[in-house]
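K.L.:
Fold the stuff below for me.
(chains A and B)
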Amino acid sequence: QKEVEQNSGPLSVPEGAIASLNCTYSDRGSQSFFWYRQYSGKSPELIMSIYSNGDKEDGRFTAQLNKASQYVSLLIRDSQPSDSATYLCAAHNTDKLIFGTGTRLQVFP
Amino acid sequence: DAGVIQSPRHEVTEMGQEVTLRCKPISGHNSLFWYRQTMMRGLELLIYFNNNVPIDDSGMPEDRFSAKMPNASFSTLKIQPSEPRDSAVYFCASRDSSYNEQFFGPGTRLTVL
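P.N.:
Down below sits the predicted model:
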């Protein structure tokens, strides 16, 4: 069974702090990974993709990939209350995305 | 550019009725995915198409569910007959098959009474 695991949270961080969201995956055949943000009652929105080991930065977001450890993370710097949402990690495998169940992030003022 | 379009946005029906959900992918995208999301099971892939051809329908829960893609700009997901346990949010997503990123539509919230 190909799986993507995430802590369901909630992860609570104060405004301005760094939020760190983590994800592990079971299938070493997965080569690309994605982070989606989903606000309550809305659809998943793609915010980051990462294909290679290391870090990828886009604005306040940094995605990190370690294929040897089968680990993906998303860092959100200077967290804002508007970042409060559920973050879904997905692994690409055999032409499909395998989604984790998501981590709920709460950023409090 | 218009994103993925889904209709209806909300559907309330009674058990036993037929339900048809519709999706228009992003223009130029040649892969289309149907997902179902519930609190208990999260986001589940039901079926996907490449170039209008169904590739993997292993996620379709049972024969009551069927999906078609008659052309590159339109797909339907049909449930007949519907049951209360089908209540969920159904998402359509599309992708340019040259890339792996998928883009989601706004979803259809289905309630079967």
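K.L.:
which parts of chain A sit against chain B?
P.N.:
A:32, A:34, A:36, A:42-46, A:49, A:88, A:92, A:95-97, A:99-102 (Cβ under 8 Å from any Cβ of the partner chain). From N, CA and C alone the C-beta is placed, and that goes for glycine too.
K.L.:
Using ChimeraX, make a named selection holding only the buried ones among those.
P.N.:
In ChimeraX syntax, the buried subset of the residues of chain A next to chain B is picked out as below (16 or more other Cβ atoms under 10 Å in any protein chain shown):
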select /A:32,34,36,43,44,46,49,88,92,96,97,99,100,101,102
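K.L.:
Listing request: residues of chain A with sub-threshold pLDDT.
P.N.:
When residues are selected by pLDDT under 70, those of chain A lie in A:1-2.
K.L.:
can you give me the strands in it?
P.N.:
A:4-5, A:11-14, A:19-25, A:32-38, A:45-50, A:54-58, A:61-66, A:71-76, A:85-93, A:96-99, A:103-108 (DSSP state E).
K.L.:
ok, for B:C92, nearest residue in space, not its chain neighbours?
P.N.:
Excluding its sequence neighbours, the residue lying closest to B:C92 (Cβ to Cβ, 6 or more residues apart in numbering or on different chains) is B:C23, at 3.5 Å.
K.L.:
Quick check: the closest residue to A:L11 other than its chain neighbours vs A:R37, distance?
P.N.:
Distance criterion Cβ to Cβ, 6+ apart; nearest residue to A:L11, sequence neighbours excluded, is A:L105 at 5.1 Å. As judged by Cβ to Cβ, to the nearest Å, A:L105 and A:R37 stand 9 Å apart.
K.L.:
Show me whatever sits in contact with both of these two.
P.N.:
By the contact definition Cβ atoms under 8 Å, 6 or more residues apart in numbering or on different chains, A:L105 and A:R37 are jointly contacted by A:A85, A:T86, A:Y87.
K.L.:
what residues does the helix or strand containing B:L21 touch?
P.N.:
B:L21 belongs to strand B:19-24 when assigned by DSSP states H and E. By Cβ under 8 Å, 6+ apart, the surrounding residues in contact with strand B:19-24 are B:4-8, B:11, B:13, B:32, B:34, B:73-80, B:82, B:86, B:90, B:92, B:105, B:108, B:110, B:112.
K.L.:
In strands, which of the residues you listed appear?
P.N.:
If you go by DSSP E, those have B:5-7, B:11, B:13, B:32, B:34, B:74-79, B:90, B:92, B:108, B:110, B:112 in strands.
K.L.:
Residue ranges in chain B under the pLDDT threshold?
P.N.:
B:1.
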